[in-house]
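> Give me the fold of what follows.
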Amino acid sequence: RWLTWKVRPWEQPLDDIKEYFGEKVALYFCFTGHYTTWLLPLSIAGLLVCVDLAIETGIYNSIGEALLTGYTIPFFCIFVSFWSQLMIEYWKRTEATKAMDWGMTQFEDEESERPEYEFDEVKRSLIDGKEIHYFDPRRKFRKLMYSFAVIGGMILLVIACVSGIFGLQYYFNSQKSTVESSDGNTAVSILSAVQITVLAMVYNNMAISLTDQENHRTDTEYDDALIAKLFAFSFINSYASLFFIAFIKWNLGESCNGSCLGELAYQLAIIFGTKLTVDKISTYATLKINKYLAERAEEQEYEEARKKGIEPKPPGEIELEKRLPEYDASLDILGDYGQVFIQYGYVTLFVAACPIAPIMAYISNLIEIRSDGNKLLHLHRRVIPMGAQDVGTWLVILQLTAVIAVVTNSGLLCYTMELITFSNVGKTWLFIGLQYAILVAMMAFAAFVDDEPPHVAIQKQRQTYLNERLNMTEEEMNKEKEKSAKKKAHTVGSLHDDGSGKSSAKLDLALFQIHDEDVTQGMKGYVGNPVTAYR
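The predicted structure follows:
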């Protein structure tokens, strides 16, 4: 039922996914469903802008001219900025709710060390006196500096590749033939897509190796460090050519093919479309081929045994699944997250040039959810379940991308489009004022929308109270009950005094029992992980 087209993104059986694959995988599908659901209104708005651009294209006979003077584009850019912030804020609420429902609110506090973690010695903690595994921070610092140097070198390689590709484009554009120039632009766009894919494959393995040697203590620390590396490189690798066309190319005096905004839209559409199709087809085809080869190998072993006069049992489902590749819920899922977040950048960073991007992303995600589900169920061994409290550093990347999108789209509106006829000084002041006005509005949205729904905040406070009660010593518990009984007896006893100035002993006992029953009932009603463990 989960993978049928009747199931909409907000109707996924997340609790069932969590029970079968674990919280980490379930949280990925939860985020993808949330993001896809929010793409629906953005796609509708983008479709309206595309209709307006189609009408203006008929007037100007050029999509580039229509993009330069489209009056709906500025409003769409502002709408995308507000949409990004609200999508993030409501994701925080969904994330907090799922963490509470799945008993993960204290997962990172109680997380155990990675088996691969190497420590120098065992020391006493300066905080609580417990034994801890100590790793020299100076050695850790040296490892981090080495990682930064390698990442910096790879980023320079990306810049060199982008420069070479646009140098090739300059050569084609210098030809007199318009046809050759147009073919050259198409070739450059395809080369950019190939460069992004190839360098990403090389760097991903390198990033894993660097993170391994940094010796992180927990899986969460390891994942956060790896995510930071992947994003730092992927951001430059995926968007460098687009930034060059949008803000640098025309400043260098190099002419664009038509208008720079039109060329940006063309480049974005080629890269976005190529990544959507190539990534999905290559991944799915590779897994399908691996499954077919595994089945063929099992059948060949069966046939060879029969030729030797042995009648083995036909390979069963378990034997066939054993030959399938493993899916690492710690590493492989980062690649799935990375694809979604790179797509989010294509949707938001240059939406002024490509209003159709949200529609492409929405359709892509509908396919992505089903292909990922099918991949996990049929093309991999069953995932070893892993816990997760939240999406970790991905949330920071989401917020950072939303802020950068405000700057890039403000720059496109003020400098690249031709709607603004101010002087350069006037455009600069408008650029500064526009982006800060939008950022202030986004901060207001963040302040007005609580990160946690009220019922989740209350439940977490209740959990803290119950944990404190359960961790009390017998002496502390008796003192607390005595204090509570006296306080309640004083309040009620003042109305029911027996004339001697003392409250009734029966009243004290009754209040003591009521307080004890309140705590007991609270424990019975709570479904979170810590209390369940104590019970």
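> Helices along the stretch 151-300 of the chain, start to end?
Here the stretch 151-300 of the chain has its helices, by DSSP state H, counting those that start in this stretch, at 178-213, 219-243, 260-307.
> mind checking which of those is nearest residue 74?
Among the helices of the stretch 151-300 of the chain, the nearest to residue 74 by C-beta to C-beta is helix 260-307 (12.8 Å). Heads up, the C-betas are built off the backbone N, CA and C, glycines and all.
> Show me what the closest one is packed against.
Counting by 3 or more C-beta pairs under 8 Å, 6 or more residues apart in numbering; DSSP states H and E, the packing neighbours recorded for helix 260-307 are helix 63-69, helix 178-213, helix 219-243, helix 317-322, helix 332-348, helix 357-374.
> buried stuff in stretch 362-378?
For stretch 362-378, burial by neighbour count (16 or more other C-beta atoms under 10 Å) applies to 362, 364, 365, 368, 369, 371, 372, 373, 375, 376.
> quick one: contacts for the last one?
This means residue 376. The contact partners of residue 376, by C-beta atoms under 8 Å, 6 or more residues apart in numbering, come to 21, 25, 327, 383.
> for the third one, same thing?
Residue 365 sits next to 9, 32, 35, 36, 39, 340, 343 when contact means C-beta under 8 Å, 6+ apart.
> does the last one really touch residue 364, like I thought?
Yes - in this structure residue 343 lies within contact range of residue 364 using C-beta atoms under 8 Å: 6.9 Å.
> joint contacts of the two?
Listed as contacting both residue 343 and residue 364 by C-beta under 8 Å, 6+ apart are residue 276.
> returning to what we had before: mind listing which of the contacts of residue 365 are in helices?
Of those, the ones assigned to helices by DSSP state H are 32, 35, 36, 39, 340, 343.
> And the helices and strands packed on helix 260-307: which comes nearest residue 118?
helix 178-213 (10.3 Å).
> from the chain's centre, how far out does the closest one sit?
The chain centre lies 22 Å from the centre of helix 178-213; the measure is C-alpha atoms, centre = their mean, to the nearest Å.
> try stretch 274-294
The mean C-alpha position of stretch 274-294 is separated from the chain mean by 23 Å, C-alpha atoms, centre = their mean.
> and for that stretch, what are the contacting residues?
Stretch 274-294 has contacts (C-beta under 8 Å, 6+ apart) with 190, 193, 196-197, 320, 323-325, 339, 342-343, 360, 364, 367-368, 371, 375, 378-380.
> now do stretch 6-26
The contact list for stretch 6-26 (C-beta under 8 Å, 6+ apart) reads 1-2, 29-30, 32-34, 36-37, 98, 101-102, 104, 107, 329-330, 333, 365-366, 369, 376, 382-388.
> try it again with 7 Å
Here stretch 6-26 makes contact (C-beta atoms under 7 Å, 6 or more residues apart in numbering) with 1-2, 29-30, 33, 36-37, 102, 104, 329, 333, 369, 376, 383, 385-388.
> for stretch 67-80, same thing?
42, 45, 49, 52-53, 56, 259, 261-262, 265, 348, 351-353, 355, 409, 413, 417-419, 438.
> Buried members of those into PyMOL, please.
Command for PyMOL, covering only those of these found buried under the criterion 16+ other C-beta under 10 Å:
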select buried, resi 42+45+49+52+53+56+259+261+262+265+348+351+352+353+355+409+413+417+438
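> Keep only those of the contacts of stretch 67-80 that are in helices.
Mapping these onto helices (DSSP H) picks out 42, 45, 49, 52, 53, 56, 261, 262, 265, 348, 409, 438.
> Stretch 192-200 - what's its average pLDDT?
Summarised as a single mean, pLDDT over stretch 192-200 is 83.
> swap in stretch 283-290?
76.
> about what we covered before: from the contacts of stretch 274-294, keep the buried residues only.
Among the contacts of stretch 274-294, those scoring as buried are 193, 196-197, 323-324, 339, 342-343, 360, 364, 368, 371, 375, 379-380 (criterion: 16+ other C-beta under 10 Å).
> For these, which two are the farthest from each other?
323 and 360 (36.0 Å).
> Which strand or helix spans the nearest residue to residue 452 once chain neighbours are set aside?
Closest residue to residue 452 apart from its sequence neighbours, by C-beta to C-beta, 6 or more residues apart in numbering: residue 96 at 4.4 Å. Per DSSP states H and E: residue 96 is located in helix 73-101.
> Same check on residue 397?
Using DSSP H and E, residue 397 falls within helix 393-411.
> Wait, residue 86 touches residue 446, no?
No - with contact defined as C-beta atoms under 7 Å, residue 86 does not count as touching residue 446 (9.3 Å).
> buried sites along the helix or strand where residue 15 lies?
Using DSSP H and E, residue 15 sits in helix 14-21. Neighbour-count burial for helix 14-21 flags 14, 17, 18, 21 (criterion: 16+ other C-beta under 10 Å).
> Can you read off the pLDDT for the last one?
According to the per-residue confidence, residue 21 scores 93 in pLDDT.
> same check, this time on the third one
Confidence at residue 18, expressed as pLDDT, is 94.
> any idea which helix or strand of this structure has the worst average confidence?
Scoring the helices and strands of the chain by mean pLDDT, DSSP states H and E places helix 529-534 at the bottom, with a mean of 36.
> any idea how far residue 75 is from residue 212?
Using C-beta to C-beta, to the nearest Å, we find residue 75 at a distance of 48 Å from residue 212.
> Likewise for residue 226?
9 Å.
> swap in residue 297?
For residue 297, the distance to residue 212 (C-beta to C-beta) stands at 31 Å.
> Residue 48 too?
48 Å.
> Ok, residue 383 next?
Per C-beta to C-beta, residue 383 is found 21 Å from residue 212.
> Quick check: closest non-adjacent residue to residue 84.
Distances taken as C-beta to C-beta, 6+ apart place residue 402 nearest to residue 84, at 4.0 Å, with adjacent residues excluded.
> and what of residue 130?
Distance criterion C-beta to C-beta, 6+ apart; nearest residue to residue 130, sequence neighbours excluded, is residue 124 at 7.3 Å.
> Any idea how many residues pack against that neighbour?
Counted with other C-beta atoms under 10 Å, residues neighbouring residue 124 total 11.
> Same check on the one 3 residues further on?
Number of residues near residue 127 (other C-beta under 10 Å) recorded here: 7.
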